[in-house]
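*Asks:* sequence and computational prediction follow.
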Amino acid sequence: MSLRRPRLSAPVLACFLALPGLPGLAVAEVANVWWETSPATTPATANAVAVDPDGNVYVGGTMRPGGATGSAVAVLRRYSRGGGLVWTVLATGTLTSSWYEQSVRGVAIMRTSATTWDVVVAGVLSNTTSVQDLWAARLTTSGATVWSVTQDPSVGGSDGANAVAVTPAGNVVVAGWAGVQMQLALFQGGGGAPLDSGSFSDLSSLPEAALAVAVDAAGSVYIGGYFNQAGLGQRTVVAKFPAVVPSYGSGRIWETPLSAAWTATAYVGGLAVDASAGALYAVGAVSSDATQRDILSARLTLDGTVVWTATIDGGAGLRDEADACAVAANGDVLVAGSLTPLSSTLADVWVARTSPAGTALWQVTRNGPGRQVDGGLGVAVAPQGDVLVAGYEAAAGAGALPRFYLAALRMSSTGIVVATGSSVPHATPNPFRPGRGGAYDASAITFRALPAGSAVRIYSLAGELVAELKDDDRDGLVTWPAKNASGKDAVSGVYLFIVAPEHGASTRGKIVIVR
């Protein structure tokens, strides 16, 4: 099955940087709030990201704990809104082999009450009879499995899910492939029982797949992906299905191609609905010739009318693609993917923000330490407005193995606040320069990426305890207004801090205060 996801066995960030020179896209001032990467020796890819109303972040993907030749496992991780890792859940099918992918490819949040929610995932698991199965599961926010189901719609072939969404009725809809056809399936949110499913194609014997799914307020389902035709090539497709079931086998309301003609490579990789505006946003890729590929973005009405389309060429144009999109609270659109700049033949992570009218607001790129192929596969917007980007990068050193990353970005009027993100406990801004303006001016110092429940102790260079903080709400971050135990401002100078987790080794660091 030929899909857009990178293979872990192949070679596949360095701070996020503004990318100058692209037509219509502005150089951005974006703060890199925090980011997380997997170990360079553990090949891994982050395929999807979702954020719950409390700001907790869930990242799904795949990894090979045994190294490049080890078996793949599906992985879901939860991070606090401050970037601290809360838990990791691994999943495998009945067949363990280095040849077959097992992964989480889609993540979504399911509300269970006014103040509680669960997380649902969809992807691929392998077994001994049908190689790969479509897989969906529901978990609590503590990582406990509520239900997990697999399906083999092609009866012994390769099946899988690429995306997942939750309907207003609380059911789970997944989109993917069954053999060489698109597949759409609906599961009961409470118990995981199958409610509806259907395979469909464009009368082709070549591989076709649904890569993205979204639902609107009425429960209608939208899928994005690609069709193939022998001798013609590949074509983007967006389709709408009604909320009532059973309907997925033959109940398409409309189907709209976004590429004008069949091309060498074309697909819709991400969809997002803005219910308040009655808009459906679609992003993906389209070929301009046999070797060149450009980013494709479009806005449609919910009845399938195309409002506008746009393409972006990074310069070299070899591997420009968009794989995910999300809508911000103000209606702006966030897009993540890959872009090959003119100075390179290898793709960089690419993130952009546009207005609802398609006007570019900012963009950033990232070239991983391995200087190989990097990409963004998932994007989400946190309640506080941070942009979460999940994807893969090439590790430095021999082999340039892919590893997964998760980055949090924030708009900034003063430039980059954290020059290099970190998955270990750290303090920002550092140095701390209150009242002086600029990137290091803030009301307090924030300790980020803390193990949940940690204590933070701050000492002078003479060893005197200046302040002690506790992550009581277990969200992975605490703030210090740079005052001592008597409430007086801590004077200018260098301070030491120790992060003491509930379990495991402590972490040490330094803070500089300039008044």
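*Replies:* Thanks, I have it. Numbers count the residues shown, from 1 in each chain.
*Asks:* A322 and A282 touch, don't they?
*Replies:* No: using Cβ atoms under 8 Å, A322 is not in contact with A282; the gap is 9.2 Å. For every residue, glycine as well, the C-beta is placed using N, CA and C.
*Asks:* who touches both of those two?
*Replies:* 270, 296-297 (Cβ atoms under 8 Å, 6 or more residues apart in numbering).
*Asks:* among the residues you listed, which ones are in helices?
*Replies:* With helices taken from DSSP state H, there is no overlap with these.
*Asks:* which secondary structure element of this structure has the lowest mean pLDDT?
*Replies:* Least confident helix or strand, the chain: strand 17-18 with a mean of 40, by mean pLDDT, DSSP states H and E.
*Asks:* coming back round to it: now, the shared contacts of A322 and A282 that are in strands?
*Replies:* Using DSSP state E, the members of these that fall in strands are 270, 296-297.
*Asks:* which one among these gets closest to T115?
*Replies:* G270 (29.3 Å; Cβ to Cβ).
*Asks:* ok, the residue most central in space within the chain - contacts?
*Replies:* Nearest to the mean C-alpha position of the chain, by Cα atoms, centre = their mean, lies G378 at 2.5 Å. Shown in contact with G378 (Cβ under 8 Å, 6+ apart): 46-49, 59, 107, 323-324, 336, 388-391.
*Asks:* most neighbours of all those residues, which one?
*Replies:* G391 (34 neighbours; other Cβ atoms under 10 Å).
*Asks:* check contacts around it.
*Replies:* Each residue near G391 by Cβ under 8 Å, 6+ apart is listed here: 45-46, 336, 349, 374-378, 404-405.
*Asks:* make it 10 Å
*Replies:* 6, 12-13, 45-49, 61, 323-324, 336-338, 349-351, 366, 368, 374-379, 402, 404-407 (Cβ atoms under 10 Å, 6 or more residues apart in numbering).
*Asks:* equivalent analysis for G84, please.
*Replies:* G84 neighbours (Cβ under 10 Å, 6+ apart): 34, 36, 78, 423-425, 447-454, 471, 474-477, 501.
*Asks:* that one and G476, how far apart?
*Replies:* Separation of G84 from G476 (Cβ to Cβ, to the nearest Å) stands at 3 Å.
*Asks:* for those two, list the residues in contact with both.
*Replies:* Residues within reach of G84 and of G476 at once, by Cβ under 10 Å, 6+ apart, are 34, 425, 447-454.
*Asks:* which of those fall in strands?
*Replies:* 34, 447-448.
*Asks:* narrow the residues you listed to those that are buried.
*Replies:* 34, 447-448 (16 or more other Cβ atoms under 10 Å).
*Asks:* tell me the buried residues in stretch 263-274?
*Replies:* 263, 265-274.
*Asks:* swap that for stretch 363-376, please
*Replies:* Buried-residue list, stretch 363-376, by 16+ other Cβ under 10 Å: 363-370, 372-376.
*Asks:* got it, and stretch 429-436?
*Replies:* Buried, per 16+ other Cβ under 10 Å, within stretch 429-436: 429-430, 432-434.
*Asks:* do stretch 91-104 as well
*Replies:* 91, 93, 95, 100-104.
*Asks:* and stretch 340-349, by the same measure?
*Replies:* Within stretch 340-349, the residues scored as buried using 16+ other Cβ under 10 Å are 340-341, 344, 346-349.
*Asks:* for these, work out which two are farthest apart.
*Replies:* S344 and V349 (12.7 Å).
*Asks:* could you tell me which residues touch both of those two?
*Replies:* Common neighbours of S344 and V349 (Cβ under 10 Å, 6+ apart) are N367.
*Asks:* mind listing the strands for the stretch 401-515 of the chain?
*Replies:* With DSSP state E, counting those that start in this stretch as the criterion, the stretch 401-515 of the chain has strands at 402-411, 426-428, 445-448, 455-460, 465-470, 478-480, 493-500, 507-513.
*Asks:* model confidence for the closest residue to N367 other than its chain neighbours, exactly?
*Replies:* Nearest residue to N367, sequence neighbours excluded (Cβ to Cβ, 6 or more residues apart in numbering): D348, at 4.7 Å. At D348, the predicted lDDT confidence score is 87.
*Asks:* distance of D348 from E393?
*Replies:* From D348 to E393 the distance is 9 Å (Cβ to Cβ).
*Asks:* closest one of the buried residues of stretch 263-274 to E255?
*Replies:* V268 (11.6 Å).
*Asks:* what sits opposite that closest one in the beta ladder?
*Replies:* Note on V268: beta-bridge partners G284, judged by DSSP bridges.
*Asks:* contact partners for it?
*Replies:* 210-212, 222-226, 236-239, 256-259, 282-286, 296-298, 322-323, 325.
*Asks:* repeat for G123
*Replies:* If a contact means Cβ under 10 Å, 6+ apart, then G123 has 47-48, 60-62, 74-76, 91, 101-107, 132-137, 160-164, 174, 176 as its contacts.
*Asks:* that one: what secondary structure?
*Replies:* Using DSSP: H, G, I helix; E, B strand; the rest coil, the three-state assignment for G123 comes out as strand.
*Asks:* filter the contacts of G84 down to the buried ones.
*Replies:* 34, 36, 78, 423, 425, 447-454, 471, 475-477, 501.
*Asks:* what about the residue nearest to A193 when sequence neighbours are not counted, neighbour count?
*Replies:* Nearest residue to A193 in three dimensions, chain neighbours excluded: F187, at 6.8 Å (Cβ to Cβ, 6+ apart). Residues near F187, counting by other Cβ under 10 Å, number 25.
*Asks:* contact partners for F187?
*Replies:* 120, 122, 136-138, 147, 149, 151, 164, 171-174, 193-197 are the contacts of F187 under Cβ under 10 Å, 6+ apart.
*Asks:* buried ones only from these, please, as a ChimeraX command.
*Replies:* To isolate the buried ones among those in ChimeraX, judged by 16+ other Cβ under 10 Å, type:
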select :120,122,136,137,138,147,149,151,164,171,172,173,174,195,196,197
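*Asks:* residue ranges with poor pLDDT in the stretch 1-150 of the chain?
*Replies:* 1-32, 96-98, 128-130 (pLDDT under 70).
*Asks:* try it again at 80.
*Replies:* The model of the stretch 1-150 of the chain has pLDDT under 80 over residues 1-41, 81-85, 94-100, 128-130.
*Asks:* span of stretch 377-390 from start to end?
*Replies:* Terminal residues of stretch 377-390 lie 6 Å apart, using Cα to Cα, to the nearest Å.
*Asks:* what residues of that stretch count as buried?
*Replies:* Applying 16+ other Cβ under 10 Å to stretch 377-390 flags 377-382, 386-390 as buried.
*Asks:* stretch 459-475 now?
*Replies:* Residues of stretch 459-475 classed as buried: 459, 466-467, 469, 471, 475 (neighbour count, 16+ other Cβ under 10 Å).
*Asks:* and what of stretch 104-114?
*Replies:* Neighbour-count burial for stretch 104-114 [16+ other Cβ under 10 Å]: 104-110, 112.
*Asks:* now do the strands in the stretch 151-300 of the chain.
*Replies:* For the stretch 151-300 of the chain, the strands defined by DSSP E, counting those that start in this stretch cover 159-166, 172-178, 181-187, 194-200, 209-215, 221-229, 233-241, 254-256, 266-274, 279-287, 293-301.
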